[in-house]
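In: When you get a sec, could you give me coordinates for this:
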Amino acid sequence: MTYLDYSASTPTSLTVLEHMHRIEREYFANINAKHAFALRSKEVVLSYISKMASLLNIPSESLVFTSGATESNNMILFGLAKSNPHKRHIISTSLEHHSVISPLGELQKLGYELDFIPYLHGKLDLEALKKLIREDTLCVSVIAVESETGLVHPLKAIKAICDDYGVPLHSDMTQAVGKIPVDFNNVTYASFSSHKIYGPKGIGACVLMKDDIRPLIYGGRSLSKLRSGTPPNALIVGFAQAVIEALEDLEVRISIVTQLRNQLTQKCDALKIVHVNTPHVGVPHICNLSFMHHDRHELVNQFSNHGFYVSASSACSGQENVSKAVLTVSENMDCATSSLRVSLSHLTSESDIDSFVQVIKKVIQ
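Out: You can find the predicted model right below:
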């Protein structure tokens, strides 16, 4: 088996599992309780959160733990809407993850107006963004890294525009945190997930650089006033440890994955039967390839039959025949109907890439 779908999910790090196991055995108390064991458990959990926040260069208080990036995106968008009922206009992009697009669709049903920033030759038109912002604009929501092509959006420039107009910027950073350097000063609100960076499933986080959204879940006070409920000690520790490992090892991981991506794209270019869609301003771990005149969903099955696991799209985006993301970047319909996402890891080997290229020859020729 050769797994090349690391942007969909990653295996949990063995050291992360060890840290989680220790917490489940030794510090499992409900940290909302007041007895000594609960206080010791809370102290341990908070120590992990503190180190995680320090490496992310954010205040610990800005972190709100959720069940994943989907909940985080919903919490931010609906929480903002509840806090600002007089602002009923939102600006976003057509390439957002479904965990942003779907809540925006629900807000539209409630009467909110939605505008998309246009793309110009595969890049966001920031001059058009300036013209879209209105007095009643609730927020601008732009994904940090588009999950199919790896396109990186210029958050710093977008945040500067938002600041000029007094509008907050939300960003889904799920494909960025632990993959490339990120600066949370370039956003007002952000979301990301544990299972994309070798942490456990079932936990993610919001980063709130401003404390001005309303909660969606009510109950007793917990680690955050924005999300009630008993904190999952082991999941929080596992998530924090995954972030710690990813950020402490970030340069090494980026170097490994960049070399692998270059190896793959060079070999694909040599084949002359594969088109590389990933832009130059893309992240190293995502490589989008088009196999002209081949159905991309059928290709997933064929590669799977050979023991290579890739994706036709983001795992949450369904079975669209045309990739909007690839069409936007490549401006080529043939590329958009025959594209696959190959997502790499520091766990991927050079021999994995060589073997995959050999299978490409079998499947395509």
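
In: Show me where the chain dips below the pLDDT cut-off.
Out: Regions of the chain meeting the criterion pLDDT under 70 cover residues 314-320.

In: And the residue nearest the centre of it, how close does it get to Glu146?
Out: The chain has Thr174 as the residue nearest its centroid, 1.6 Å off, counting by C-alpha atoms, centre = their mean. Here the criterion is C-beta to C-beta, to the nearest Å. By it, Thr174 lies 11 Å from Glu146. Any C-beta I mention is one placed from the backbone N, CA and C, and that applies to glycine too.

In: The residue nearest to the centre of the chain falls within a strand, correct?
Out: No - counting by DSSP: H, G, I helix; E, B strand; the rest coil, Thr174 is not part of a strand but coil.

In: That one: what's it in contact with?
Out: 69, 97, 144-145, 147, 191-193, 196, 204 (C-beta atoms under 8 Å, 6 or more residues apart in numbering).

In: Redo these as TSV? Include secondary structure and distance to Val44.
Out: Shown next, in TSV, are the contacts of Thr174 (DSSP: H, G, I helix; E, B strand; the rest coil; distance: C-beta to C-beta, whole Å):
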residue	secondary structure	distance to Val44
Ala69	helix	25
His97	coil	33
Ala144	coil	31
Val145	strand	32
Ser147	coil	34
Ser191	strand	25
Phe192	strand	23
Ser193	strand	23
Lys196	coil	25
Gly204	strand	21
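
In: would JSON lines of those with neighbour count and distance to Ala157 be doable?
Out: Compiled in JSON lines, these are given as follows (neighbours: other C-beta atoms under 10 Å; distance: C-beta to C-beta, whole Å):
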{"residue": "Ala69", "neighbour count": "28", "distance to Ala157": "23"}
{"residue": "His97", "neighbour count": "21", "distance to Ala157": "21"}
{"residue": "Ala144", "neighbour count": "25", "distance to Ala157": "13"}
{"residue": "Val145", "neighbour count": "25", "distance to Ala157": "15"}
{"residue": "Ser147", "neighbour count": "28", "distance to Ala157": "21"}
{"residue": "Ser191", "neighbour count": "32", "distance to Ala157": "20"}
{"residue": "Phe192", "neighbour count": "27", "distance to Ala157": "21"}
{"residue": "Ser193", "neighbour count": "28", "distance to Ala157": "25"}
{"residue": "Lys196", "neighbour count": "27", "distance to Ala157": "25"}
{"residue": "Gly204", "neighbour count": "27", "distance to Ala157": "26"}
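
In: quick one: which of these is nearest Asn30?
Out: Gly204 (21.2 Å; C-beta to C-beta).

In: is it true that the closest one touches Ile197?
Out: No - Gly204 lies out of contact with Ile197 (C-beta atoms under 8 Å); the separation is 10.5 Å.

In: And the helices in the stretch 101-250 of the chain?
Out: 126-132, 155-165, 233-248, 250-271 (DSSP state H, counting those that start in this stretch).

In: Of all those, which one is nearest Gly307?
Out: Gly307 lies closest, by C-beta to C-beta, to one member of the helices of the stretch 101-250 of the chain: helix 250-271, at 17.0 Å.

In: For the closest one, enumerate the helices and strands it packs against.
Out: Here helix 250-271 touches strand 275-276, strand 286-290, helix 350-364, going by 3 or more C-beta pairs under 8 Å, 6 or more residues apart in numbering; DSSP states H and E.

In: which of these sits most buried?
Out: For the helices and strands packed on helix 250-271, the largest average neighbour count (mean count of other C-beta atoms under 10 Å) is found in strand 286-290, namely a mean of 26.

In: With just CA atoms, put it into PDB.
Out: C-alpha atoms of strand 286-290 as PDB (Å, rounded to 0.1, in the frame of the first residue of the first chain):
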ATOM      1  CA  ILE A 286       0.000  19.100  -2.600                       C
ATOM      2  CA  CYS A 287       0.600  18.200  -6.200                       C
ATOM      3  CA  ASN A 288      -2.300  18.300  -8.600                       C
ATOM      4  CA  LEU A 289      -2.000  16.400 -11.900                       C
ATOM      5  CA  SER A 290      -4.200  16.100 -14.900                       C
END
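
In: what angle separates that strand from helix 250-271?
Out: Orientation check (axes from the mean of the first three to the mean of the last three C-alpha atoms, to 10 degrees): strand 286-290 against helix 250-271 gives 10 degrees.

In: who touches strand 286-290?
Out: 7, 145, 147-150, 175, 261, 264-265, 268, 274-278, 325-326, 329-330, 332, 334-336, 338-344.

In: now the angle between helix 350-364 and it, please.
Out: 20 degrees.

In: State the distance from Leu124 to Ser41.
Out: For Leu124, the distance to Ser41 - C-beta to C-beta - is 45 Å.

In: need the strands for the protein, in chain order.
Out: Ranges of strands in the chain, per DSSP state E, are 2-3, 63-66, 89-92, 113-116, 119-120, 123-124, 137-141, 169-172, 189-193, 204-208, 275-276, 286-290, 308-309, 339-343.

In: Quick check: neighbours of the first one in the sheet, parallel or antiparallel?
Out: Sheet pairing of strand 2-3 (DSSP bridges) gives strand 308-309 (parallel).

In: residues in contact with the nearest residue to Gln365 once chain neighbours are set aside?
Out: Spatial nearest neighbour of Gln365, chain neighbours left out: Ile273 (6.9 Å); criterion: C-beta to C-beta, 6 or more residues apart in numbering. The contact partners of Ile273, by C-beta under 8 Å, 6+ apart, come to 291-292, 360, 364-365.

In: Adding distance to Ser47, write those out as CSV.
Out: As requested, those are exported to CSV (distance: C-beta to C-beta, whole Å):
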residue, distance to Ser47
Phe291, 49
Met292, 53
Ile360, 47
Ile364, 52
Gln365, 56
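
In: close enough to count as contact, Thr187 and His153?
Out: Residue 187: Val, not Thr. No - in this structure Val187 lies outside contact range of His153 using C-beta under 8 Å: 10.9 Å.
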